[in-house]
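Enquirer: got a sequence here, can you model it:
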Amino acid sequence: MEKINAVVTGVGGYVPKYILDNDEMSRIVDTTDEWIMERIGVKTRHVLKDEERQGAGTSYLMTKAVQNLLEKTQIDPDTIEGVICATTTPDYLFPSTASLVIGNLGLKNAFGFDMEAACAGFLYAMEVGAGFICSGRNKRIIVCGGDFLTSITNYQDRTTCPIFGDGAGCVLLEGTTEEYGLLDRYMRTDSHYDPLHLEVSGSAVRPTVENIEARRHYLYQEGRTVFKYAVTNMSDAVEIIAKRNNLTNEDIAWIVPHQANVRIETAVARRINVPEEKVMINIDHMANTSGGTLPLCLWEYEPKLKKGDNLIFTAFGAGFTWGASYMKWGYDGSKFSK
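Expert: Residues are numbered from 1 along each chain as shown. A predicted model of the protein is given here:
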């Protein structure tokens, strides 16, 4: 029996219509365009406004992203067998965001579930989706990554609120017996609660009046600590993957990093000695969309991707969760544009 690899055969994405720039941000909180650009590298971010989402949350973004994928690939929706949604901001604890996306799009033959690994969620979810494909039991799986991060952003915290935006992307995974697709992965998890967490979000801390008034229902981040761990662990993960697969810097077409902070992306590139022109970066106009950053990079850079390109994905998120994966791209993306 021939070995089956999981290959990406389509990409979709969506970002909200409203764009919040740094000038407007400086009227919300005590900051400036210069401060944000120097420390974070974000000029604009997309924000999902109430009038657009009409009561939905992350499911709205993911539904739009999958619609975009289906329109581009022109595949029969009835052939989709599964939808995996990586998100930190599900519409509800239950039902799952995946079930809402499936219902919105009428994917009558698909199972679906959510998974959460913070900003590394899409990296992890691709591996889960690839497992279904490589087992031979499923032929078409959609993996979504995205977040409605502005719903949990504290706009009184000048150090964190400029970082985050909203958006979602997705990929279609199918099987191949050729040497394309996800070929290797390295993933790790450690336990660090204090530097990056959302206190009122689950069963441990209840949403009491006191906790809400103390703004514990918004995300908290110690920027310096997260920066240090992110640079070290993302760089190490990429180096491990490259060495294990005998990939030199010349062999790597693209590094696809989580878009947390432009200084993290450039620091990772320097540490692994890969030129910055080989690093996908869209944080300047997308900001940090958590689970959405990796697929949104693919969505924007798709026209530049060529069949056979070696891509290394890397991400780092709360938990801490981090890792890297090696993908050999399976089609010429030049015929597509965003």
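
Enquirer: pretty sure residue 113 contacts residue 84?
Expert: Yes - judged on C-beta atoms under 8 Å, residue 113 makes contact with residue 84 at a distance of 6.5 Å. (C-beta placed from N, C-alpha, C; glycine too.)

Enquirer: and the two? Which one has more around it.
Expert: It is residue 84, of residue 113 and residue 84, that has more neighbours when counted by other C-beta atoms under 10 Å, with 25 against 14.

Enquirer: show me the contacts for the more buried one.
Expert: 98, 112-115, 125, 128-129, 141-144 (C-beta atoms under 8 Å, 6 or more residues apart in numbering).

Enquirer: and these, which is closest to residue 31?
Expert: Set against residue 31, the nearest of these by C-beta to C-beta is residue 144 (31.6 Å).

Enquirer: pretty sure the closest one is in a helix, no?
Expert: No - Residue 144 is assigned strand when assessed by DSSP: H, G, I helix; E, B strand; the rest coil, not a helix.

Enquirer: ok, it touching residue 82?
Expert: No - Residue 144 is not in contact with residue 82 according to C-beta under 8 Å; the separation is 11.0 Å.

Enquirer: which one's more surrounded, the two?
Expert: With neighbours defined as other C-beta under 10 Å, residue 144 and residue 82 compare such that residue 144 has more, 34 against 24.

Enquirer: what ranges does the stretch 51-200 of the chain have for its strands?
Expert: 82-86, 111-115, 140-148, 166-176, 181-192, 196-197 (DSSP state E, counting those that start in this stretch).

Enquirer: tell me which of those approaches residue 322 most closely.
Expert: strand 181-192 (5.8 Å).

Enquirer: compute the inter-axis angle for that closest one and strand 166-176.
Expert: Put simply, strand 181-192 runs at 130 degrees to strand 166-176, going by axes from the mean of the first three to the mean of the last three C-alpha atoms, to 10 degrees.

Enquirer: what helices or strands is strand 181-192 leaning on?
Expert: Judged by 3 or more C-beta pairs under 8 Å, 6 or more residues apart in numbering; DSSP states H and E, strand 181-192 is in contact with strand 5-14, helix 121-134, helix 223-244, strand 319-328.

Enquirer: which other helices and strands does the last one contact?
Expert: Identification of packing neighbours for strand 319-328 by 3+ C-beta pairs under 8 Å, 6+ apart yields helix 121-134, strand 181-192, helix 223-244, strand 310-317.

Enquirer: quickly run through the sheet partners of the last one, with directions.
Expert: Right, strand 310-317. Here strand 310-317 is paired, per DSSP bridges, with strand 254-257 (parallel), strand 319-328 (antiparallel).

Enquirer: residue 77 is nearest to which of the ones you listed?
Expert: Nearest of the strands paired with strand 310-317 (C-beta to C-beta): strand 319-328, 24.9 Å.

Enquirer: run the chain-centre distance for that closest one.
Expert: Using C-alpha atoms, centre = their mean, to the nearest Å, the mean C-alpha position of strand 319-328 is found 11 Å from that of the whole chain.

Enquirer: send the alpha carbons of it over as PDB?
Expert: Taking C-alpha atoms only, strand 319-328 is exported to PDB below (Å, rounded to 0.1, in the frame of the first residue of the first chain):
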ATOM      1  CA  GLY A 319       0.500  27.600  27.200                       C
ATOM      2  CA  PHE A 320       3.200  27.800  26.000                       C
ATOM      3  CA  THR A 321       2.600  26.000  22.700                       C
ATOM      4  CA  TRP A 322       5.000  26.000  19.800                       C
ATOM      5  CA  GLY A 323       6.500  24.100  16.900                       C
ATOM      6  CA  ALA A 324       7.300  24.000  13.300                       C
ATOM      7  CA  SER A 325       6.300  21.900  10.300                       C
ATOM      8  CA  TYR A 326       7.800  21.200   6.900                       C
ATOM      9  CA  MET A 327       5.600  21.300   3.800                       C
ATOM     10  CA  LYS A 328       6.400  20.800   0.100                       C
END
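
Enquirer: any idea of the mean pLDDT for that strand?
Expert: Here strand 319-328 scores 98 as its mean pLDDT.

Enquirer: next, the angle from it to helix 121-134.
Expert: 50 degrees.

Enquirer: that older thread, save the helices and strands packed on strand 181-192 as JSON lines, and put in mean neighbour count too.
Expert: As requested, those are exported to JSON lines (neighbours: other C-beta atoms under 10 Å):
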{"stretch": "strand 5-14", "mean neighbour count": "25"}
{"stretch": "helix 121-134", "mean neighbour count": "24"}
{"stretch": "helix 223-244", "mean neighbour count": "19"}
{"stretch": "strand 319-328", "mean neighbour count": "24"}
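
Enquirer: can you lay out the ones you listed as a markdown table showing distance to residue 261?
Expert: Below are the helices and strands packed on strand 181-192 laid out as a markdown table (distance: least, C-beta to C-beta, whole Å):
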| stretch | distance to residue 261 |
| --- | --- |
| strand 5-14 | 21 |
| helix 121-134 | 17 |
| helix 223-244 | 7 |
| strand 319-328 | 15 |
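
Enquirer: closest to residue 199 out of those?
Expert: From these, taking C-beta to C-beta, the stretch that ends up closest is strand 319-328, at 14.9 Å.
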